[in-house]
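A.B. asks: no sequence on this one, just coordinates:
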């Protein structure tokens, strides 16, 4: 037996979850950048900064594009 979660509630849950994941990841990466700078390890700091940029690109570009693509496919009758 499954219970359908109303779409607005699911969207709100997904947004809250994304915010939590993003905040946690950013906090960890900021700590890594700070530690790398303190330890004079510029390669490690640069890696963490690039990882933050990569995650931001996924969140702001790739994930929304995937949602749009899924919606277009659904409208065209493709089962997703």
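C.D. replies: Sure thing, it's come through. In this text the structure is predicted, and so the values were computed from the model without any measurement.

A.B. asks: the longest helix in this structure is where?
C.D. replies: Ranked by residue count, the top helix of the chain under DSSP state H comes out as helix 7-38.

A.B. asks: so what secondary structure elements neighbour it?
C.D. replies: helix 42-57 (3 or more CB pairs under 8 Å, 6 or more residues apart in numbering; DSSP states H and E). Every residue, glycine included, has its C-beta placed from N, CA and C.

A.B. asks: circling back: what angle sits between the longest helix of the chain and helix 42-57?
C.D. replies: Angle of helix 7-38 versus helix 42-57, following axes from the mean of the first three to the mean of the last three CA atoms, to 10 degrees, is 170 degrees.

A.B. asks: What are the buried residues along helix 7-38?
C.D. replies: For helix 7-38, the neighbour count (16 or more other CB atoms under 10 Å) marks 29, 32-33, 36 as buried.

A.B. asks: Pick the one among these closest to residue 53.
C.D. replies: The nearest member of the buried residues of helix 7-38 to residue 53, counting by CB to CB, is residue 29 at 10.1 Å.

A.B. asks: Please give me every residue in contact with that closest one.
C.D. replies: Residue 29 sits next to 48-49, 51-52 when contact means CB atoms under 8 Å, 6 or more residues apart in numbering.
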